[in-house]
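>>> Sequence first, then the predicted structure, then my questions.
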Amino acid sequence: MKIEDSFHVAAPVDRVWRFITDPAQVGPCLPGCQGVEITEPNKYRATIRVAVGPIKTTFNVLVELTEQDPPNRVASVTRGEEGGKASTLTAQSELRLTPSADGGTDVHYASEVSLVGRLGKFGLGIMKKKAKSLGEEFAAAFRTRVEGATPGAVPEAAGT
Amino acid sequence: MKFFEPTTVDEAVRYLAADPDHRCLAGGATLVAMMNAQLVEPAGLVSLAKVDGLKGIVRGGDGGLAIGAMTLHQTVADSPLFEGGHALVRDAARLIGHPAIRNMGTMGGSISHADSAADYPAALVAADATIEIAGPKGRRSVGAGDFFVDYLQTALEPGELVTAIRLPPAPKGTASAYQKFARVEGDFATVSAAVVLAMDGGKCKTIRIAVGACAPTPVRVAKAEAELVGGALDDRALAAACKTLAEACDPVDDFRGSGEYRRMLVPVLVRRAVAAARKRLEAPR
């Protein structure tokens, strides 16, 4: 299942890059994310809870940033499993930041997600719509965080 | 997993409200299949099979219909009570699954599950139905248009269950129809359309159109309907309404068809439903 979308942030690329590669900033923007833990440099562990009506799931995921080209592109691999339920998730994702004419940043993301197990039996069409709406929720939360935060609150803000 | 067999609605509500992971078991046509697929794992099932007063179809003094939540699809499909502006609900029931499913599944169960490709949602929205609900805070009712909220999501709060579906009186001279396109007989809809209309001397007096299976919930567009009222429902007017409706849809891409394909089917199904309803007006049965 391919998930692809983009959103605009009214902040320069450098600033968006710092936020989007910092799990402590990204975690709270992810809908259903129950906290992020840094296990090794460029490796994170997170718990994500998602529900579609009565179908509820909690995935424990490991995210590894495999390639970084600051402040333009980051690629990652996500592996997850549903506690004891024999569903597994793998995703290859790519995120690109491009400066826009208004001085802001266009964030483009693409992810190839595969689901095996009980959730694989659930309608892929609805899952894609759900992923899209979660993506929109993330974009809104992320935008508020980046655009709203005072420069002093940004980690390593000195370079701005 | 616990299993409860209440005999009254109040008792059912108590069991249901005791744990957010308790679920109602109506006919089981969908819930049991989802449990077998391990998609839902309720902590307890509250069977409604022995609850009094949830079955059957009653016509009120005003000409409206009340359908008990536990009424089987087959009972609706066979009932002579669905005439004129109510006929589309029977059309929908006749197109649900196969006889085995129609003899298990219930109207309350189907709408509470709220599958966006199911047959009742669009029919009930076009029929302007009201959903009667019982819960820990008492009884309430919600219009069908507000009852369906999102994919598999209704306006039901924790501990609440559907007790009945009410269809408002349909004035004489009102006709209705539900049309569905499915890849094979008995499948969920790829696209469906439900229409209730009344004509007066060749002009459209009232019309309600709902498109099913093309968005999280049935699609109804007030502007499209308003533009048809007062006209003769000719080809040009219908084309404009169908375009507005298709644009309001947000269909999924899946094995039943791409979103683009579904959007192309919207005008086809809406026109079929309008034509079927008009035919019934001319030759009432």
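Yep, that arrived.

>>> Enumerate the residues of chain B near chain A.
With Cβ under 8 Å from any Cβ of the partner chain as the criterion, chain B meets chain A at residues B:23, B:34, B:37-40, B:113-114, B:116, B:150-153, B:216, B:250, B:252-256. All C-beta spots, glycine's among them, are computed from the backbone N, C-alpha and C.

>>> Show the buried residues in those residues.
B:23, B:34, B:39-40, B:113-114, B:116, B:150-153, B:216, B:252-254, B:256 (16 or more other Cβ atoms under 10 Å in any protein chain shown).

>>> biggest separation within those residues, which pair?
Checking these against each other with Cβ to Cβ, the farthest-apart pair comes out as B:Arg23 and B:Asp253, at 29.5 Å.

>>> about what we covered before: among the buried ones among the residues of chain B next to chain A, which are in helices?
Of those, the ones assigned to helices by DSSP state H are B:Met34, B:His113.

>>> which of the buried ones among the residues of chain B next to chain A lies closest to B:Gly53?
Each of these was checked against B:Gly53 using Cβ to Cβ; the closest is B:Arg23, at 20.7 Å.

>>> residues in contact with that closest one?
Counting by Cβ atoms under 8 Å, 6 or more residues apart in numbering or on different chains, B:Arg23 touches A:Pro54, B:Leu16, B:Leu31, B:Val40, B:Pro42, B:Gly44, B:Leu45, B:Val46.

>>> Could you do B:Ala182 as well?
Taking Cβ under 8 Å, 6+ apart as the criterion, B:Ala182 is in contact with B:Leu95, B:Phe188, B:Ala189, B:Thr190, B:Arg256.

>>> For the first one, which non-adjacent residue is closest in space?
Leaving aside its sequence neighbours, B:Leu95 sits nearest to B:Lys180 (Cβ to Cβ, 6 or more residues apart in numbering or on different chains; 5.0 Å).

>>> cool, the last one as well?
The shortest distance from B:Arg256 to any residue other than its chain neighbours is 4.6 Å, reached at B:Thr190 (Cβ to Cβ, 6+ apart).

>>> biggest helix in the chain by residues?
As the question left the chain open, I've gone with chain A. In chain A, with assignment by DSSP H, the single longest helix is helix A:124-148.

>>> my question was about chain B
When chain B is parsed with DSSP H, its longest helix is helix B:259-282.

>>> ok, residues contacting it?
Applying Cβ under 8 Å, 6+ apart, the set of residues contacting helix B:259-282 is B:84, B:87-88, B:173, B:175-181, B:190-197, B:199, B:209, B:211, B:213-214, B:233, B:238-239, B:241-243, B:245-246, B:249-253, B:257.

>>> Identify the residues contacting A:His8.
If a contact means Cβ under 8 Å, 6+ apart, then A:His8 has A:Ser100, A:Gly104, A:Thr105, A:Asp106, A:Val107, A:Arg143 as its contacts.

>>> Of the contacts of B:Ala182, which is the nearest to chain A?
Distances from chain A to the contacts of B:Ala182, taken as Cβ to the nearest Cβ, are shortest for B:Arg256 (8.0 Å).

>>> got the residues of chain A near chain B?
Contact residues, chain A versus chain B (Cβ under 8 Å from any Cβ): A:52-55, A:85, A:118-119, A:121-126, A:128-130.

>>> and residue 1, what is it in contact with?
Just so you know, I chose chain A. Here A:Met1 is in contact with A:Glu112, A:Val113, A:Ser114, A:Leu115, A:Leu124, A:Met127, A:Lys128, A:Ala131 (Cβ under 8 Å, 6+ apart).

>>> wait, chain B
Applying Cβ under 8 Å, 6+ apart as the definition, the contact partners of B:Met1 turn out to be B:Pro42, B:Ala43, B:Gly44, B:Leu45.

>>> Can you get me the start-to-end distance on stretch A:11-31?
Using Cα to Cα, to the nearest Å, one end of stretch A:11-31 lies 22 Å from the other.

>>> oh, I was asking about stretch B:218-231
Distance between the boundary residues of stretch B:218-231 (Cα to Cα) amounts to 25 Å.

>>> Likewise for stretch B:56-66?
Distance between the two ends of stretch B:56-66: 8 Å, counting by Cα to Cα.

>>> Pull the residues that contact that stretch.
With contact meaning Cβ under 8 Å, 6+ apart, stretch B:56-66 is reached by B:67-68, B:71, B:75-76, B:79, B:81-82, B:86, B:164-170.

>>> Let me know the closest of those to chain A.
B:Ile165 (19.4 Å).

>>> Mind giving me the packing neighbours of the lengthiest strand in chain A?
Of all the elements of type strand in chain A, the one with the most residues (DSSP state E) is strand A:55-69. Judged by 3 or more Cβ pairs under 8 Å, 6 or more residues apart in numbering or on different chains; DSSP states H and E, strand A:55-69 is in contact with strand A:43-52, strand A:73-82.
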